[in-house]
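Participant: Output the structure for:
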Amino acid sequence: MSGESIVRTFYAALGEGKILGTKCGECGSYSFPPKTACTECGSRDIEVVEMSGDGELQFYSSGGLPPLRFADYAPYAYGLVKLKEGPMWLTMIKGVEVVDHDKMEAFFTTLPVAVKAKIAEVAGTNIVTFEV
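Facilitator: Numbers count the residues shown, from 1 in each chain. Presented below is the predicted three-dimensional model:
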């Protein structure tokens, strides 16, 4: 499957409420978002699979000066999520404090915490976000 085909398939699936990744036929590793080759062993023996959407938030932060395209969503949190299948993904996180420094600091002591993927339209594009 070509890279362009994987990208189209990925975004089409998001529109249907599905989150796709790839699984390697040689070593069994998962990649997210979908790739044309395994990120662990380099094999091109991969299949597109639906991901569970379950993960753990490893850390998060918030930015006071987001890119112009995302200014309407500020302030928002972004963080690193380790998916149940193994890959890590940096994306928007919902359900966490983004303004009060003391509350953010207190929440950090509870990390990692379970999160669930949600598909959200952000700046005109469906993206995978995670919610605490």
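Participant: For the most centrally placed residue in the chain, give me its contacts.
Facilitator: Closest to where the C-alpha atoms of the chain average out (C-alpha atoms, centre = their mean) is Trp89, at 4.4 Å. Trp89 is in contact with Phe32, Pro33, Gly55, Leu80, Val81, Leu83, Val128, counting by C-beta atoms under 8 Å, 6 or more residues apart in numbering. C-beta: built from backbone N, CA, C; applies to glycine.
Participant: after the helix or strand hosting the third one, next one along is what?
Facilitator: Which is Gly55. Gly55 belongs to strand 54-62 when elements are defined using DSSP states H and E. Per DSSP H and E, the first helix or strand lying C-terminal to strand 54-62 is strand 77-83.
Participant: who's in contact with that next one?
Facilitator: 21, 30, 32, 51-52, 54-63, 88-94, 96-98, 112, 115, 130.
Participant: can we see that at 7 Å?
Facilitator: 32, 51, 55-62, 88-93, 96, 98, 115, 130 (C-beta atoms under 7 Å, 6 or more residues apart in numbering).
Participant: where along this protein do the helices fall?
Facilitator: 3-15, 101-108 (DSSP state H).
Participant: Average the pLDDT values over the last one and round to the nearest integer.
Facilitator: Think helix 101-108. The average pLDDT within helix 101-108 is 92.
Participant: so what's Phe59 bridging to?
Facilitator: Leu80 (DSSP bridges).
Participant: tell me the pLDDT at it?
Facilitator: The model's pLDDT for Phe59 equals 94.
Participant: for Ala114, what are its contacts?
Facilitator: Glu56.
Participant: Buried residues, stretch 83-91. List them.
Facilitator: Leu83, Glu85, Pro87, Trp89, Thr91 (16 or more other C-beta atoms under 10 Å).
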